[in-house]
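Trainee: here is a sequence with its predicted model. Questions after.
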Amino acid sequence: MPPPPPRPGVIPLAPLGLSDVLGGAFSTIGRYWKQLFGIAATVYGAAAAAFAVALATTYAVVGDHLRAIYDATSAEPPEWDDIGPLLLAFLAVWGVGMITFLLATAMVYASVPAVLQDAVLGRPTTFGVVWRRAAAHVPAVIGTVFLIGLVTLVPLALFLTAFVGLMIALLAAGNGPLIVPPLAFLGALATAPLAVWLWVKFSLAPAAAVFEGQGALAAMRRSSKLVRGDWWRIFGITLLTGIMAAVAAYVVQLPLSFIQMLPGMIGSSDLGSDPSGSQVMVYLGGAILLGLVSQLIGQVLVAPFPQLIASLLYVDRRIRTENLAPALAEAAAVPPAY
């Protein structure tokens, strides 16, 4: 009977099964939780703070327009002078939120492989080391995240273009409403599998960008090469762990959702039957704040897990296809098994 493979860190240095991947992910969280959750809390907390500041600043600038729209009646509808500034303010806040969230997510995506580089070898590491290592790869990770989103949206864009053109032709011919639902369903069936296939094909790109110091395009090509021949297995493990992460996020956020619904919370009991614009703004502000806190807690606790799985799958594919195990054992100073 051959001896078991060496295990200097969180995984055995051999091809990984599902139990090895899950065990490695949970072992990494258990041993390096300060680095993983510390970085996630820092970057997502900063993103939430930036969004809150943008929201408060926007309300201070356009609050009068918002109250004017709320107090408008059917006899005196809101004017464009009130609607226009609100639309611009909404776009500005949305832009700040998207940019800060993208930067935070990229930092988390980069920090997980940075931690795993030491976790696989069984080495200790610190918050500062992981932060510096991850920060150096954030631009490449942002590029991979953006390109993956862009590539997976291509099938949807093609479907929408074809669907709109077909709808115009059908309406011009006098056949529209009855055939729309079946066409939409068939179009979704045709494009969704392609989008999923592309997403899985490039899902290892952020890990490749950090582990190998690749640029965005090179990391995408690397992911495509590593996934080739093992797409279904990677898809299955990714789907399973994605469901686990979604359930965990729901469980984490559920208590705060219940708190938000309790009578008297965030000023809801004081609204009355005909609340003023200021009362509604106070209630909405409290609801948004509680929602931000709920999302922040959920992101901090759950966001590292899917990327841990992807990074472990990256290591597994390199062990299987490139015989990485001896190099890892040598780096960890583990004597070879005879």
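Mentor: Nice, thanks for sending it over. Since the structure is predicted, the reported quantities are computational estimates derived from the model, not experimental observations. Residues are numbered from 1 along each chain as shown.
Trainee: pLDDT score assigned to residue 286?
Mentor: We note a pLDDT of 67 for residue 286 in this prediction.
Trainee: which is the next helix or strand following the lowest-mean-pLDDT helix or strand in the chain?
Mentor: Sorting the helices and strands of the chain by mean pLDDT, DSSP states H and E puts helix 277-302 at the bottom, at a mean of 72. Going down the chain from helix 277-302, the next helix or strand is helix 304-322, by DSSP states H and E.
Trainee: got the buried residues for that following helix?
Mentor: Neighbour-count burial for helix 304-322 flags 304-320 (criterion: 16 or more other C-beta atoms under 10 Å). No exception for glycine: its C-beta is placed from N, CA and C like everyone else's.
Trainee: now stretch 199-218
Mentor: So for stretch 199-218, counting by 16+ other C-beta under 10 Å, buried means 200-212, 214, 216, 218.
Trainee: can you list contacts of that stretch?
Mentor: Residues from elsewhere that reach stretch 199-218, judged by C-beta atoms under 8 Å, 6 or more residues apart in numbering: 109-110, 112-114, 117, 133-134, 137, 140-148, 151-152, 219-220, 222-224, 226-227, 231, 234-235, 238, 307, 310-311, 313-315, 317.
Trainee: residue 44: which of the buried residues of stretch 199-218 is nearest?
Mentor: Lowest distance from residue 44 to the buried residues of stretch 199-218 (C-beta to C-beta) belongs to residue 206, with 16.8 Å.
Trainee: would you tell me what helix or strand that closest one is located in?
Mentor: helix 205-211.
Trainee: same question, residue 100
Mentor: Per DSSP H and E, residue 100 falls inside helix 80-119.
Trainee: and if you look at residue 153?
Mentor: Per DSSP H and E: helix 138-173 holds residue 153.
Trainee: now residue 253
Mentor: If you go by DSSP H and E, residue 253 is part of helix 231-261.
Trainee: remind me which residues of this protein are low pLDDT?
Mentor: 1, 63, 65-82, 162-189, 259-286, 334-338 (pLDDT under 70).
Trainee: domain map for it?
Mentor: 1-136+230-338, 138-228 (automatic domain parsing).
Trainee: in stretch 219-234, which residues are buried?
Mentor: Within stretch 219-234, judged by 16+ other C-beta under 10 Å, the buried ones are 219-220, 222-223, 226-227, 230, 234.
Trainee: so residue 113 makes contact with residue 312?
Mentor: No: using C-beta atoms under 8 Å, residue 113 is not in contact with residue 312; the gap is 9.7 Å.
Trainee: list the contacts of the closest residue in space to residue 40 that isn't next to it in sequence.
Mentor: Once flanking residues are discounted, residue 40 sits nearest to residue 300: 4.6 Å by C-beta to C-beta, 6 or more residues apart in numbering. Applying C-beta under 8 Å, 6+ apart, we find residue 300 in contact with 37, 40-41, 44-45.
Trainee: may I see the ChimeraX selection of the buried members of these?
Mentor: In ChimeraX syntax, the buried subset of these is picked out as below (16+ other C-beta under 10 Å):
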select :40,44
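Trainee: got a markdown table for the contacts of residue 300, with distance to residue 324 too?
Mentor: Putting the contacts of residue 300 into a markdown table (distance: C-beta to C-beta, whole Å) gives the following:
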| residue | distance to residue 324 |
| --- | --- |
| 37 | 28 |
| 40 | 27 |
| 41 | 32 |
| 44 | 32 |
| 45 | 36 |
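Trainee: quick check: the farthest pair among the contacts of residue 300?
Mentor: 37 and 45 (11.2 Å).
Trainee: residue contacts, the spatially closest residue to residue 301 that is not a sequence neighbour?
Mentor: With C-beta to C-beta, 6+ apart as the criterion, residue 301 has its nearest non-adjacent residue at 5.5 Å, and that residue is residue 252. Taking C-beta under 8 Å, 6+ apart, we find residue 252 in contact with 297-298, 301-302.
Trainee: residue 15 and residue 301, how far apart?
Mentor: To residue 301, residue 15 is 30 Å away according to C-beta to C-beta, to the nearest Å.
Trainee: typo on my end, it should be residue 244
Mentor: The gap separating residue 244 from residue 301 is 13 Å, by C-beta to C-beta.
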